[in-house]
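Engineer: sequence unavailable; structure follows:
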């Protein structure tokens, strides 16, 4: 044998040994190289996995070479169709020993998990044994200790509890985008951008609804007959109640009981939405509809909790069907019918409702298509597009777009109503100003001089127009006729009745100055025309010699030199037909003052709720009319105030 041949064959055992040694190397030697990271990277490479639970699986020196490989882009159901409770994942990562500041970022692995790095527990959420589930929407970032980085090699071990309800999801356990490695500051920055981008439109939608709900509550307090404002306020209150927990869950995982309590608010959602739309079209929610809406709400709440429950697949699919049918079929039809009948507000609301219905139809249709493996990728792309359409840094959902448009449609309706109300208010103010001018013509500004008497009158309405009235008319053979009264109520209706009364007083005074006859005549004219109300009145004939004849129809008695004149009681005007009134006679001597009030004087009320009262009214009755009115007004005017004073002149009396 030649030397060359001998040398060649001597290498065979060596090469064989090398090949066998390489083949015998543990597969865990396949590792992710993170030593030259320039930006965060998802840990989406092949992992070693093992069903079951053993604390030794967290040790960095544990031999995982016999564990099967798992591609996190795929479903772990292919490896474990028996669906174990606990699955361990292991990955070897190479890092640069001087690369301090590295961290792990996690989101949505499972409702209970632990992450170990080189045997040290770095992250945890929930409790695996015994199982206590937590929410998993938070983006957690945890820095890897620098001493661990200094070793140059990381063994990441994940202990993951996969509940039965999670096994029925699309990607149970660890998925390709659940964890990333990178610099802590960069991961935090990316997480903040992702949180704002994914939730920006959702937060905008919720803020608009809450703000609109507050405005609607104020409007409902002023317009109780507009029930739609109450439902808008209820919608805003529901959004406010359900907003805090999901917001906190973006930053901290919480026990799922908080999520479930929030889901209970979904019980009232169908009732509020349908009642809101029905209110705008003036359709009553009958007891049949109430039963349907309550049942839909219960199923809607159960649908929100199905992620924590193990429900039959067919039940999971149909659990939200009643609510879907209500919002995407019944409500659009109702709005379309009323829009066709001329309800402009129904047409405004119909636009976002149709957009939301389109979203529902697409969501349901492609969810069904997703169940077929051959169409799964296409269905998933469409679902991602309508749920998370990328628009720069933001992800836009068709659901949120339709909801924001719905809020804007409500705003538009409220603005249109406000403009219409402002126009009507301007008309009313114009009509009120005209009524005020008419009433000023009816209430005498200047009293015709009557020999032997000095007359003062002040009328101070509580509003633009009032319900008080008075007339001071001279009569034949000297003397005068005084009529003072008060129509029950305020505002324009009372003012209109005042105009009727003043005209009637002047008409009756042309043929009689007898107070009892005058009041009886006024009463007969008012019966059936007062709209169920009444009018108080006092009439007095003051002769030239100071003789006074007075009759009262439920009004305040007059004061003579500060002393109340007692008059027989009688029904107010307009209460009963054929009413008769008694007269009382007394003398107004020279220098004495006769004072007539409306009840606005005695019913003036201060900030402590104290009335001006009869004692104060009697005490000021000897003062000029202007001083009496000012005293009552400063005390706290609540009603129209009328004061008429008649003083008999002493000089004329002595000459007589």
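Structural biologist: Nice, I can see it. These figures come from a predicted structure and were not determined experimentally.

Engineer: so, low pLDDT: which residues of this protein?
Structural biologist: Under the criterion of pLDDT under 70, the regions of the chain flagged as low confidence span 1-30, 306-317, 431-446, 464-465, 490-492, 530-532, 651-656.

Engineer: tell me, what residue is most central in it?
Structural biologist: For the chain, the residue nearest the mean C-alpha position is residue 213 (2.3 Å; CA atoms, centre = their mean).

Engineer: excluding covalently adjacent residues, which one is nearest to it?
Structural biologist: Beyond its immediate neighbours in the sequence, the residue positioned closest to residue 213 (CB to CB, 6 or more residues apart in numbering) is residue 236, lying 1.5 Å away. Where C-beta positions appear, they are placed from N, C-alpha and C, glycine not excepted.

Engineer: follow-up on the earlier one: the residue nearest to the centre of the chain - that's part of a helix, no?
Structural biologist: Yes: remark: residue 213 belongs to a helix, assigned using DSSP: H, G, I helix; E, B strand; the rest coil.

Engineer: ok now do it, which residues does it touch?
Structural biologist: The neighbours of residue 213, taking CB atoms under 8 Å, 6 or more residues apart in numbering as the test, are 232-237, 239-240.

Engineer: quick one: which of the residues you listed is nearest residue 221?
Structural biologist: Among the contacts of residue 213, residue 233 lies closest to residue 221 (CB to CB), at 9.5 Å.

Engineer: tell me the SS of the closest one?
Structural biologist: With three-state DSSP as the basis, the three-state label of residue 233 is helix.

Engineer: just say helix, strand or coil for the residue lying closest to it once chain neighbours are set aside.
Structural biologist: Taking CB to CB, 6+ apart, and ignoring the residues beside it in sequence, residue 233 has residue 217 as its nearest neighbour in space, at 4.0 Å. Under the three-state scheme (three-state DSSP), the conformation of residue 217 reads as helix.

Engineer: pretty sure residue 217 contacts residue 231?
Structural biologist: No: contact status for residue 217 versus residue 231: not in contact, 10.9 Å apart, counting by CB atoms under 8 Å.

Engineer: which SS state does residue 196 fall under?
Structural biologist: The three-state label for residue 196, taken from three-state DSSP, comes out as helix.

Engineer: residue contacts, the residue nearest to it when sequence neighbours are not counted?
Structural biologist: Take residue 196 and drop its neighbours on the chain: the residue closest to it by CB to CB, 6+ apart is residue 393, 7.2 Å away. When the contact criterion is CB under 8 Å, 6+ apart, the partners of residue 393 are 193, 196-197.

Engineer: and if you look at residue 263?
Structural biologist: With contact set as CB under 8 Å, 6+ apart, residue 263 has these partners: 301, 304-305.

Engineer: would you map the strands across the stretch 251-400 of the chain?
Structural biologist: For the stretch 251-400 of the chain, the strands identified by DSSP state E, counting those that start in this stretch occupy 389-391, 394-396, in order along the chain.

Engineer: quick one: closest of these to residue 623.
Structural biologist: Of all the strands of the stretch 251-400 of the chain, the one in closest proximity to residue 623, counting by CB to CB, is strand 394-396 (74.0 Å).

Engineer: which residues touch the closest one?
Structural biologist: Strand 394-396 is contacted by residues 196-198, 200-201, 388-390 when judged by CB under 8 Å, 6+ apart.

Engineer: between the contacts of residue 393, which is nearest residue 401?
Structural biologist: Each of the contacts of residue 393 was checked against residue 401 using CB to CB; the closest is residue 197, at 15.3 Å.

Engineer: longest helix of the protein?
Structural biologist: When the chain is parsed with DSSP state H, its longest helix is helix 398-442.

Engineer: what's downstream of that helix, the next helix or strand?
Structural biologist: Heading C-terminal from helix 398-442, the first helix or strand you meet, by DSSP states H and E, is strand 453-460.

Engineer: next one: that following strand to chain centre, how far?
Structural biologist: If you compare the mean C-alpha spot of strand 453-460 with that of the full chain, they lie 53 Å apart, counting by CA atoms, centre = their mean, to the nearest Å.

Engineer: if you count contacts, what does that strand end up packed against?
Structural biologist: Of the remaining helices and strands, those touching strand 453-460 by 3 or more CB pairs under 8 Å, 6 or more residues apart in numbering; DSSP states H and E are strand 468-474, helix 625-636, strand 641-648.

Engineer: need the winner for burial among the ones you listed.
Structural biologist: Among the helices and strands packed on strand 453-460, strand 641-648 has the highest mean neighbour count (mean count of other CB atoms under 10 Å), at a mean of 24.

Engineer: what angle separates that strand from strand 453-460?
Structural biologist: Strand 641-648 and strand 453-460 are oriented at 170 degrees to each other (axes from the mean of the first three to the mean of the last three CA atoms, to 10 degrees).

Engineer: got the contact list for strand 641-648?
Structural biologist: Around strand 641-648, the neighbours that count as contacts under CB under 8 Å, 6+ apart are 452-460, 462, 468-470, 472, 480, 482, 484, 486, 542, 546, 588-598, 600-601, 604, 624-625, 628-629, 632-633.

Engineer: one step back: mark which of the contacts of strand 394-396 are buried, thanks.
Structural biologist: Restricting the contacts of strand 394-396 to buried positions leaves 197-198, 200-201, with burial counted as 16 or more other CB atoms under 10 Å.

Engineer: just put the residues you listed in TSV and tack on distance to residue 188.
Structural biologist: As requested, the buried ones among the contacts of strand 394-396 are arranged in TSV below (distance: CB to CB, whole Å):
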residue	distance to residue 188
197	15
198	16
200	18
201	23
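
Engineer: just these now: which is nearest residue 222?
Structural biologist: Lowest distance from residue 222 to those (CB to CB) belongs to residue 201, with 32.2 Å.

Engineer: test my guess that the closest one contacts residue 399.
Structural biologist: No: counting by CB under 8 Å, residue 201 does not reach residue 399; the two are 9.5 Å apart.

Engineer: residue contacts, residue 183?
Structural biologist: Counting by CB under 8 Å, 6+ apart, residue 183 makes contact with 37, 40, 101-103.

Engineer: among those, which are in strands?
Structural biologist: Using DSSP state E, the subset of these located in strands is 102-103.

Engineer: which of the contacts of residue 183 ranks first by neighbour count?
Structural biologist: Note: the member of these with the most neighbours is residue 102, at 24 neighbours, neighbours being other CB atoms under 10 Å.

Engineer: in contact with that residue, which residues?
Structural biologist: Contacts of residue 102 were listed using CB under 8 Å, 6+ apart, and they are 34, 37, 95, 143-144, 149, 181-184.

Engineer: in a markdown table: those residues, plus secondary structure and distance to residue 291.
Structural biologist: As requested, the contacts of residue 102 are arranged in a markdown table below (DSSP: H, G, I helix; E, B strand; the rest coil; distance: CB to CB, whole Å):
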| residue | secondary structure | distance to residue 291 |
| --- | --- | --- |
| 34 | coil | 60 |
| 37 | coil | 60 |
| 95 | coil | 63 |
| 143 | strand | 56 |
| 144 | coil | 57 |
| 149 | helix | 63 |
| 181 | strand | 54 |
| 182 | strand | 55 |
| 183 | strand | 58 |
| 184 | helix | 55 |
